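**Student:** Below is the sequence, then the predicted model.
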Amino acid sequence: MSALVKLIDVSKRYGHAAALHPTNLSIERGKTTVLIGPSGCGKSTLLRLIIRLIEPDSGRIDFAGEPISPDNIDSLRRRIGYVIQEGGLFPHLTARANVLLMARHVGKSQEEMQTRLREMCELTRFSGNLLPRYPVELSGGQRQRVSLMRALMLSPELLLLDEPLGALDPLVRASLQNDLKEIFARLGHAVLFVTHDLAEAIYFGDEIVLMNEGRIVQKGTVSDLRERPADAFVSEFINAQRGIATV
Amino acid sequence: MNRIRKAGKEEIVGSGNQESRNWDSSILFFLVFWLPDFLLIFSCVPIFLIHSASAAPAVIGSKKFTESYVLGEIAKHVLSDAGIPVEHRQGMGGTIILWQALRGGQIDAYPEYTGTITQEILKTGDASSLEQIRESLAMFGVGMTEPLGFNNTYALVMRRSEAQRLGVRTISDLRKHPGLKIGLTHEFLDRQDGWQPLRERYALPQQNVIGIDHALGYSALANRSIDVKDAYSTDAKIEQNDLVVLQDDLQFFSKYEAVFLFRQSTRPDAIAALRRLEGTLDERRMIRLNAEAERTKNYTNAADLYFNVGAPRPSGHSGPSHFGESFPHKLARWTLRHLQLAGFSLLLSVIFGIPLGIVASRGGPIGQAILGFASIVQTIPSLALLALLVPLPFFGISVRTAIAALFLYGLLPIVRNTASGLQDIPRSLRESAIALGLSPRTRLWEIYLPMASRSILSGIKTSAVINVGTATLAALIGAGGLGEPILSGLNLNDHVTILQGAIPAALLALLVQWFFDLLDRVLIPQGLRL
C-alpha cells in the first residue's frame, strides 16, 4: 500500500468549535476515497487542510512522504487538482483561458498546451467549439467539465473534489457521474471526493470515510458500513438514505 | 472687527456637475469634437507644471470682493506703467491665504486694511499706531505703504432725503429720532463690536431693530421698510441708492485704512510705484470706483477710472490683460487649465488610490486606518482644506496646492471602490486561485484586479466627476480654471459670468462621465459584461 497523502493527528478549531478533532487518514494512490457525512461534519475542512486553504492547529500532513508546509505548498498545489461545487471558474476568462491559466503560469510551450487541451476535451467530453466561451455562457455541467479540465491540466497526482456535482440537475448529474467514474479509472490517480450523498459515495468510492461532528466515525466499503456499523450513527445515516442506496 | 461679513456675501456655490446619462446629439457632437483635445491635454500636464514654476513678473494678489479686485487692478496698472511686468491673481480667497502667499513669496503685494492687520494678522488689538504695525510687519519681512486715503469700516447709512429732512448727520443725531426703524445684518447684531456696544456708547433709544440680509437691506431702505442700516463705508451701494454715511462722531468703529502690504524683498521700483498710490483715494472716490466695477462688471475699467480722473496716465508699456481677450479664447484658457487641474489630480488619485485600496481590502487596523483617513479628508470643506494646505512649505498659493487638494478629494471613491471590489470577490473564487497554485502576484494582477475592474473604474469615474466639479475652487487660490468666472460672477452678482464658468464645468463633468463609460468597454473584461 502506498499512501500518497497521510494525515497525522491533524486538527482544526474555529474559535471554541472544533471543526476537526485530531484525525489520522491515508489516501492511497490509484484509489477513490469518498468523504461523506452530514453538513458541518468536517469533510470539507479536511479537504481544505490538504490543499492548505486553511492551516491545521496541530498535526502534520505528508504528501508523497514530504510534510506539507508554507514553503513547499505552492509547488505541491501544482501536483494537486481541485474542483469545487460551482466550478470556481474565473468569470473574466474564457473556458480556454481558465484551463490554460496554470500551464501558462508555469511556462509550458504552446504546442504542449494545445496537445494537452485536446486530450482534456476528449477525456471530459467537452466540445472544443465551446472553448472561446465565458463561464456565464456555459451550462452548469459544461462549467464542471471545464473546471475538471483545469484541475487535470498539469497531470496532478491527487484530485480533490468538493461536492463537484452538488449544484447540477439530476440528468446532468447522472451523465457526469458516469464520465467522472470513467475518467478516474483511466487516469488511475488518487482521488478524494467529498459528497453528502450516499448513492454517489457508493458509486465512486473504493473506500468510504464516514464523518460526523469533526471525527471519522468509520472507514471501509459500503458493505462494511451496512453490515458492521461502528455505532448507531452509522446505521442511522445509512438507513436514512436506504431508498437510493440499494440501487 | 474682522471681515467675516464680506466672506459671507461671497460664498462659493457649487458648479452644477450632476451626473447624467441622458445624452442629446448636441452634447455628443461637443464630446466627439473635444475628445482629441482632452487626450492631448492629459499628455501635456507635466509640461505645464514645469512652466508654471518659473513665473518671473511681479504678482499682485487680491481678496475675493469688489474693492480688493479694483485695488489689485490699480496696483497692476501703476506697476505696468512703471515698466514692471506684472500679473494680478484675482480673488484668492481670505486674509490668511493672501498673508501666507505674501510671506511665501507666491505674491509680492496685495491690498489690506489696517484693522484686519491688527485684528487678524498680528492679533495685537486695536490701539496700534501705523508705526507699531509697520514694525511688527517688518519682523515677517513685510512692508506696508501709507494709507491710500480711505477708511473702509462699518458705518450706519440712511436715505439722503430722510437724513436731510430730519437733520441727521452723525450717529449721535439718531438719539433725537427714537421712532426710526433700524435693519441690521445678523452678524452685526451679534458681533462683540456690533450693535449692542454701539447702542450703549451712543445711548440710542430705538426699539424697532430687525435683522435682515445685507443685500435685502438696501431694498428695504429704498422702500422705506427700514430707515437705518449697517454698511461698509465704501460700499458702492451707498452711491447707487443715494444714501449718506452717518458720521461716527464718538469714534466707535475701528479704523480700516486701506494700505498695500508688500514683501520687503520685492524690487524697489515696484515698491516705489505702489507708494505713488498713497493718499490718492478718498472714500468718495473709492465708492465711485466700486460702483463703476459693479455697474460695468469690469474691474479694469473701474481701475482705469482712477487713472483718468487722477494722475495723468503715461503712455507706453501696458501689462498683459485678460480682459481684452475674446470669450472663446478665455473659455479655452479656463477649460484647458481646468482639465489640467482635474486630470493631473485624478492621475495621482489613481496612482495612490488603487494600491491603498488593495491594502485596505485586506482589512485589519491598517485597512481601517486607510479608509478612515480617506473618509475624513472627504468631510473637510474644500475651502478649509485649501486653507490647511496653503501654510505648508511645499504648497503655498500655487497650482500644486489646488492639485493636492483635488487629489485628496479624489482618493476616497477610488480607495473605497477598489477595496470593496476586491472584497466582493466570492471566497470560492479566491480559494480556487490559491488552490491552483498561482503566485500572490499573479492572483492579484490576473484574477483579483480584473474581477474588481468594474468597481474600480466606477470609483475612478466618481473621482473624475468630483474633481471636475471641485476644481472650480482652485480659483480661490489663484490657480485658474472655470472657477475664475464663477468667482468673479458671484462677487459681482452677475449671473451671466457665473454661467460662463458653471455651464462649461457641467458639460465637462458630462464629458468625463461619457469618456469613462467608453473606457469601461475597453478595460472591463468581456466576460464580466455579458
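**Tutor:** Thanks, I have it.
**Student:** Now do the host helix or strand of B:Leu356: which elements does it pack against?
**Tutor:** B:Leu356 belongs to helix B:327-361 when assigned by DSSP states H and E. Applying 3 or more Cβ pairs under 8 Å, 6 or more residues apart in numbering or on different chains; DSSP states H and E, we find helix B:327-361 packed against helix B:25-52, helix B:364-379, helix B:399-423, helix B:453-470, helix B:483-492, helix B:495-523. Quick note: C-beta positions are derived from backbone N, CA and C, even for glycine.
**Student:** Check which residues of that helix are buried.
**Tutor:** The neighbour-count check on helix B:327-361 (16 or more other Cβ atoms under 10 Å in any protein chain shown) flags B:330-331, B:334-346, B:348-350, B:352-354, B:356-361 as buried.
**Student:** same thing with stretch B:440-447?
**Tutor:** Those would be B:Thr442, B:Leu444, B:Glu446, B:Ile447, for stretch B:440-447 by 16+ other Cβ under 10 Å.
**Student:** Could you check what's spatially nearest to B:Gly115, not counting adjacent residues?
**Tutor:** Once flanking residues are discounted, B:Gly115 sits nearest to B:Tyr256: 4.0 Å by Cβ to Cβ, 6 or more residues apart in numbering or on different chains.
**Student:** Next, count neighbours for the one you found.
**Tutor:** Around B:Tyr256 there are 24 other residues, counting by other Cβ atoms under 10 Å in any protein chain shown.
**Student:** interface residues of chain A facing chain B?
**Tutor:** Counting by Cβ under 8 Å from any Cβ of the partner chain, chain A comes close to chain B at A:48, A:51, A:53, A:74-78, A:80, A:82, A:84-86, A:88-94, A:101-102, A:105, A:134-137, A:150.
**Student:** at 7 Å instead, please
**Tutor:** A:51, A:53, A:74, A:77-78, A:82, A:84, A:86, A:88, A:90-94, A:101-102, A:105, A:134-137 (Cβ under 7 Å from any Cβ of the partner chain).
**Student:** Which of those fall within strands?
**Tutor:** Judged by DSSP state E, the subset of the residues of chain A next to chain B located in strands is A:Tyr82.
**Student:** Give me the distance between the residue sitting nearest the centre point of chain A and chain B.
**Tutor:** What sits nearest the mean C-alpha location of chain A, by Cα atoms, centre = their mean, is A:Leu161, with 1.8 Å. According to Cβ to the nearest Cβ, to the nearest Å, A:Leu161 and chain B sit 12 Å apart.
**Student:** Neighbouring strands of the helix or strand where that residue lies in the sheet, and parallel or not?
**Tutor:** Using DSSP H and E, A:Leu161 sits within strand A:158-162. Using DSSP bridges, the strands paired with strand A:158-162 are strand A:80-83 (parallel), strand A:190-195 (parallel).
**Student:** tell me the angle the helix holding B:Leu356 makes with helix B:483-492.
**Tutor:** Relative orientation of helix B:327-361 versus helix B:483-492 (axes from the mean of the first three to the mean of the last three Cα atoms, to 10 degrees): 110 degrees.
**Student:** and helix B:327-361, what's its mean pLDDT?
**Tutor:** In this model, helix B:327-361 has a mean pLDDT of 93.
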